[in-house]
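Undergrad: What follows is a protein structure lacking sequence information:
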């Protein structure tokens with residue numbers, strides 16, 4: 001779920017980050033630990049990780065995944081066009097939007113698949129803000145909302161079929 005939120009946050013922030021120039025800027029060389037500075041020169045955070053053209057910025061309060069082209073090189077690190085407050089607000093809004101989308105998708109009768117989409121584990125019987133009850137082979141299985149993901153093709157749990165079966169075996 002955390003990876004999904006980071007991904008969704010990155011998408012939301014990329015859409016909100018204005019382009020600084022029309023010409024393609026060279027990709028920055030971000031390294032773990034580098035400072036990230038905002039447009040007013042204030043510290044936004046530091047680089048937590050870099051992978052496949054994505055830089056994760058840790059503000060101390062949140063982590064946000066941004067494409068390398070959202071950054072420019074600065075004398076004392078990297079710069080972005082958002083302040084720390086703006087970035088934290090965007091991350092929290094993206095997380096709240098993702099949670100609202102997830103909760104809206106957890107309706108009775110909805111089919112639930114495994115994380116790979118390879119197997120259907122059951123259908124949602126009922127849900128609230130904290131738990132979802134899935135009917136699996138005629139038995140109710142109560143899982144926390146955090147165990148679910150809203151996907152383009154429906155609802156999935158954050159487990160493979162084998163992990164789900166192992167979890168069930170451990171509760172019986």
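TA: Received it, and whenever you're ready, just let me know what you need. If you're wondering where the values come from, they're calculated on a predicted model, not measured in any experiment.

Undergrad: hey, let's count contacts and neighbours off CA atoms from now on
TA: OK.

Undergrad: Below-threshold pLDDT in the protein: ranges please.
TA: Residues of the chain meeting the criterion pLDDT under 70: 1-27, 171-172.

Undergrad: and the longest helix seen in the chain, what other elements does it pack with?
TA: Secondary structure of the chain read by DSSP state H shows that its longest helix is helix 84-105. Helices and strands touching helix 84-105, by 3 or more C-alpha pairs under 8 Å, 6 or more residues apart in numbering; DSSP states H and E, are helix 2-16, strand 43-51, strand 63-67, strand 148-151.

Undergrad: Each with direction, which strands does whichever helix or strand comes after that helix pair with?
TA: Downstream of helix 84-105, the first helix or strand assigned by DSSP states H and E is strand 111-113. Partners of strand 111-113 in the sheet, by DSSP bridges, are strand 120-127 (antiparallel), strand 154-157 (parallel).

Undergrad: Tell me the first helix or strand C-terminal of the first one.
TA: Beyond strand 120-127 on the C-terminal side, the first helix or strand identified by DSSP H and E is strand 131-136.

Undergrad: Same question for that following strand: list its buried residues.
TA: Buried positions in strand 131-136, judged by neighbour count with 16 or more other C-alpha atoms under 10 Å: 131, 132, 133, 134, 135.

Undergrad: Can you pull the domain assignment for the protein?
TA: 2-102, 106-171 (automatic domain parsing).

Undergrad: Could you figure out how far the longest helix of the chain is turned away from strand 43-51?
TA: 60 degrees (axes from the mean of the first three to the mean of the last three C-alpha atoms, to 10 degrees).

Undergrad: Quick check: buried residues in helix 84-105?
TA: Under 16+ other C-alpha under 10 Å, the buried positions of helix 84-105 are 84, 87-88, 90-92, 94-95, 98-99, 102-103, 105.

Undergrad: what does stretch 29-47 give?
TA: Using 16+ other C-alpha under 10 Å as the test for burial, stretch 29-47 gives 30, 34, 35, 36, 37, 38, 43, 44, 45, 46, 47.

Undergrad: And stretch 116-133, by the same measure?
TA: Per 16+ other C-alpha under 10 Å, stretch 116-133 contains these buried residues: 117, 120, 121, 122, 123, 124, 125, 126, 127, 131, 132, 133.

Undergrad: Make a markdown table out of the residues you listed and add distance to residue 146.
TA: As requested, the buried residues of stretch 116-133 are arranged in a markdown table below (distance: C-alpha to C-alpha, whole Å):
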| residue | distance to residue 146 |
| --- | --- |
| 117 | 17 |
| 120 | 18 |
| 121 | 16 |
| 122 | 17 |
| 123 | 17 |
| 124 | 15 |
| 125 | 17 |
| 126 | 15 |
| 127 | 12 |
| 131 | 8 |
| 132 | 10 |
| 133 | 13 |
